[in-house]
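> Fold the following for me, if possible:
(2 chains)
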Amino acid sequence: MGQTERDHRPLRTIDPDELRACFPKLVSGTYKPASKATARYNCMGFANDDERHWWEPGLYGGRYHWPPTIRQQDTLESWVELFTSQGYTQVEGRDIEPGFEKIAIFVNLTDMSPTHVAKSDGNIWKSKLGKGQDIEHISLEVLEGDQGDEYGVVERVMRRPLKRT
Amino acid sequence: MDISVNFRLFIASLEPLPEFGAVAAIGEFSFADSKNEQRKKLVRIFYEQAACWKAETQHWSSVSKMLAHPSYLRIVGLARLSAGNEIERLLLQELEAEPDYWFDALIAITGENPVQPEDDFDQSVDAWLEWGRQKGIIAHCER
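The predicted model follows:
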C-alpha cells in the first residue's frame, strides 16, 4: 500500500481570505503561496530543507525529528543552538542579504517561547505556516503581531554564507 | 514513540475526564436519549470540536501543544459515549479525508498502535487506515 494511496491523498488549498483572517498583514502583493497545506512538516523542518519530518524537541518516531545533540526543549535557546550547530551566526539586520541564507526566529509576546522560523535564500523570505502551506513573503513584518495567528515578534536573526552549487 | 506513551498516561491520569470541555460534552447527553439521538449528538460534537481544533491549531509549529488543546482532549473524552466504534470511525474518516495528528487520539481511545517506530507521517496515516479496514470500522463508510 502506500505510494498510490499517498499520491492521491488530498491536500487542502488555503483560500486567500481564510489566510488573511489569520494573518491580517498577508494582503495581496505581500506574499505568494508556494505549496498546498500539509501536516507532514513544520516551519523548523522547512527551514532545514526537510519536507518529510515534523521537527520538534522531545518527540520520537519516524514522523518526527530533532537532532539528538541539541537540547530537547522547545525554547529559544535550543532553537538557536540548532541553527548555530549548522553554521549560522547571529546578526542584527532583518533584511534579505544576497549571498547569505538567513533564518528569523519568532517568539510569543507573552512568554518569549519560539513560535515560528522563516528562512531566506538571499532573494525572499519563505515560511511554512504550521500545518498549513508554504509561502514566500516580502518581509518578516507580515507574520508579526498578536491579533490572529501571527507569530509574535522576531527575536533572533541568524545567517550563514549561501552554499555555491 | 514516547509522545504516544506520555499522552496516553496523561489521558489515563485524568480519569474520570476532568477536562472542562469533555465534561460539558457529556452533559449534553441524557439517559432519555435514544441511541440514534446519542449518535447524532456524538457526531455533531465531534465535528464541532474537530473544526475548532483544526482552525485554532492550523498554524502552530508544536504538535505537543496541539495535543493539549481542549478540543483535542474533548474528542478523546467522547470515547466514553461512543458505541460500536463510532468515535474510531469518525477519527479514521477524518484522517483519510484530511490527514492530521489524530494518531495520539486513536492510541488513547483504542489502546493500540499499528504504526511502526520508523514510519513517517504518510506511513502512519496508512497504518491506521489499514488497521481500521482490518477491524471493519471504515470498510464501507461514507461520511
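> what's the neighbour count on the nearest residue to residue A:157 once chain neighbours are set aside?
Distances taken as CB to CB, 6 or more residues apart in numbering or on different chains place residue A:104 nearest to residue A:157, at 5.0 Å, with adjacent residues excluded. All C-beta atoms are positioned from the backbone trio N, CA, C, and that covers glycine. When neighbours are counted by other CB atoms under 10 Å in any protein chain shown, residue A:104 registers 23.
> Wait, residue A:104 touches residue A:117, no?
Yes: Residue A:104 is in contact with residue A:117 according to CB atoms under 8 Å; the separation is 6.8 Å.
> Residue 112: what's it in contact with?
I'll assume chain A. Residue A:112 sits next to A:76, A:155 when contact means CB atoms under 8 Å, 6 or more residues apart in numbering or on different chains.
> The chain in question should be chain B.
If you count contacts by CB under 8 Å, 6+ apart, residue B:112 has them with B:106, B:131.
> for chain A, what are the nearby residues on chain B?
B:1-4, B:57-64, B:97-101, B:115-126, B:129-130 (CB under 8 Å from any CB of the partner chain).
> So in chain A, where's the weakest helix or strand by average pLDDT?
Every helix and strand of chain A was ranked by mean pLDDT, DSSP states H and E. The lowest is helix A:3-7, at a mean of 51.
> in chain A, what spans have low per-residue confidence?
Chain A contains residues with pLDDT under 70 at A:1-11, A:164-165.
> Looking at it, what residue ends up closest to chain B?
residue A:130 (3.7 Å; CB to the nearest CB).
> and the closest residue to that residue other than its chain neighbours, helix, strand or coil?
With sequence-adjacent residues excluded and distances taken as CB to CB, 6+ apart, residue A:130 is closest to residue B:59, at 3.7 Å. Three-state assignment for residue B:59 (DSSP: H, G, I helix; E, B strand; the rest coil): coil.
> And for residue A:101?
Assignment for residue A:101 (three-state DSSP): strand.
> which ones are touching it?
By CB under 8 Å, 6+ apart, the residues touching residue A:101 are A:88, A:119, A:120, A:121, A:122, A:159, A:160, A:161, A:162, A:163.
> ok, now with 7 Å
Neighbour list for residue A:101: A:119, A:120, A:121, A:122, A:159, A:160, A:162 [criterion: CB atoms under 7 Å, 6 or more residues apart in numbering or on different chains].
> quick one: which of these is nearest residue B:52?
Taking CB to CB as the measure, residue A:119 is the one of these closest to residue B:52, at 30.6 Å.
> Residue A:94 and residue A:140 touch, don't they?
Yes: between residue A:94 and residue A:140 a contact is recorded at 5.6 Å, counting by CB atoms under 7 Å.
> circling back: are any of the contacts of residue A:101 buried, and which?
Buried members of the contacts of residue A:101, counted by 16 or more other CB atoms under 10 Å in any protein chain shown: A:119, A:120, A:159, A:160, A:162.
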